[in-house]
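What shape does this take:
(chains A and B)
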Amino acid sequence: MGVASLVLGIVALVIAVFSGGSLGWIGLLMAIVGIVLGALGRKDPEKKGIATGGLVCSIVAASLGLILFIACAACASGASSGLKSLF
Amino acid sequence: MKLFFEIFGYKIPSYGLLIATGVILGNIIIYFYLKRKKMEYNDFIILEAYGGIGAIVGSKLLYLIISFRDIKWQNINSLAKFNSLMSSGFVFYGGLILGVALVLIFGKVHKIDSIKYLRECIFIIPFVHAFGRIGCFMAGCCYGVPYNGKIGVIFPKDSFALSGIKLLPIQLIEAICLIIISAVIFYLHNKKHIESTIEIYLILYSITRFIIEFYRYDSIRGKLFLFSTSQWISLVIFLFSLIYLIRRRKNVLF
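Predicted coordinates for the structure are as follows:
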């Protein structure tokens, strides 16, 4: 679980930094799954280190995802230029 | 009211930054709070993450349900447009309902007493939510009715709100209400030893949200007869929470 968390956290970080916004919500969901796996992995004392690394990566990726990609387009009203064409 | 903050030359979306700030601050508060209560912060992280997945998926689902008829699905013909639809537009109640459901379900799966964590930590939800509402104010979304009084604000042209007319800053009013709700729940639980924190939060928030909905003016509200979707959900949540609170014998408010 620790390794899975680390992999998810790193992939989510890469998506957050390099996707330019297009896959941000995917990265955010992956990061949150990475947080779950990291926190669960920390319960095993032998693998706590790698699980903590995965947890930290995932938390950073999730934070970046929140900051960069979640745009509240009126929480039930679309107003961004991208959304206007969809309504 | 700024859509973006400029930090070290980078344009950072204000809404996302405020949400992230709220989540980080909330976690810091909970870390020290749980340490004092001798509860596991690691278990809280697990439940929080499931709640987060539920919050994102649930709020997006409810938004899509409300907006289903208004969305021109035939226009979603590229990844960019699909991502635009996925990245914006969320309804809080959808996130709350699915978030709590996932916390309860996966609490059982991972053998964590999720009800105990919910009762102890629920005061942090309105606290973080308040930051989200401040973010809404910065972005101009979830805007209020036209209002010419002293506290009316004119949003800039590049925000999501109607520009050029004074609007009621309902986002800030709701943020203040949420901070008060958070403080009331914290006080009742820690000073008066009231256990029914979940029910009290749902009652207080549903009343607040029901009233605030009358002062919201953003375009797609999802209306059914007299009330908006959120008002109907508020009514249902209020009734169920009140009934449940009355039925709980232990440490009731009245």
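
any idea how far residue B:115 lies from chain A?
Distance, residue B:115 to chain A, using CB to the nearest CB, to the nearest Å: 19 Å. Bear in mind the C-beta positions are built from the backbone N, C-alpha and C, glycine included.

Can you give the distance of the host helix or strand of that residue from its chain's centre?
Residue B:115 belongs to helix B:114-121 when assigned by DSSP states H and E. Relative to its chain's centre, helix B:114-121 lies at 18 Å (CA atoms, centre = their mean, to the nearest Å).

Repeat that for stretch B:138-145.
15 Å.

what ranges of the chain fall below the confidence cut-off?
Unless you meant another one, I'm taking chain A. Along chain A, the model assigns pLDDT under 70 to residues A:19-23, A:69-87.

you looked at the wrong chain, it should be chain B
B:74-77, B:79-80, B:83-84, B:87-88, B:219-223, B:249-254.

switch the cut-off to 80
B:1-13, B:66-91, B:157-162, B:218-225, B:249-254 (pLDDT under 80).

max-length helix in it?
Secondary structure of chain B per DSSP state H: the longest helix is helix B:41-67.

roughly how far is that helix from the heart of the chain?
With CA atoms, centre = their mean, you get 11 Å for helix B:41-67.

ditto for stretch B:104-118
The chain centroid and the centroid of stretch B:104-118 are separated by 21 Å, computed with CA atoms, centre = their mean.

by contact count, what packs against the longest helix seen in chain A?
The helix spanning the most residues in chain A, taking DSSP H as the definition, is helix A:48-69. In terms of contacts (3 or more CB pairs under 8 Å, 6 or more residues apart in numbering or on different chains; DSSP states H and E), helix A:48-69 is packed against helix A:2-18, helix A:24-41, strand B:10-13, helix B:14-36.

buried set for the first one?
Residues A:2, A:4-13, A:15-16 are the ones in helix A:2-18 that count as buried (16 or more other CB atoms under 10 Å in any protein chain shown).

And the contacts of the helix or strand hosting residue B:132?
Using DSSP H and E, residue B:132 falls within helix B:124-139. For helix B:124-139, the external contacting residues (CB atoms under 8 Å, 6 or more residues apart in numbering or on different chains) are A:71-72, A:75, B:1-3, B:13-19, B:21-23, B:25-26, B:29-30, B:92, B:96, B:142, B:159-160, B:169, B:171-172, B:174-176, B:178-179, B:181-182, B:185, B:201, B:205.

which is the next helix or strand following that helix?
As assigned by DSSP H and E, the chain's next helix or strand after helix B:124-139 is helix B:170-190.

and that following helix, what does it pack onto?
helix B:124-139, helix B:197-213.

If you count neighbours, what's buried in that helix?
Those would be B:170-175, B:177-179, B:181-182, B:184-186, B:188-189, for helix B:170-190 by 16+ other CB under 10 Å.

what about the nearest residue to residue B:168 once chain neighbours are set aside, distance to residue B:217?
Among residues not flanking residue B:168 along the chain, residue B:144 sits closest, at 3.3 Å (CB to CB, 6 or more residues apart in numbering or on different chains). Going from residue B:144 to residue B:217 by CB to CB, to the nearest Å gives 6 Å.

Need the overlap of contacts for the two.
residue B:167.

And those two? Which one has more around it.
residue B:144 (24 against 17; other CB atoms under 10 Å in any protein chain shown).

before we move on, the earlier item: which parts of the helix holding residue B:115 are buried?
B:114, B:117, B:118, B:119, B:120, B:121.

And it, what does it pack against?
helix B:14-36, helix B:41-67, helix B:92-109, helix B:197-213.
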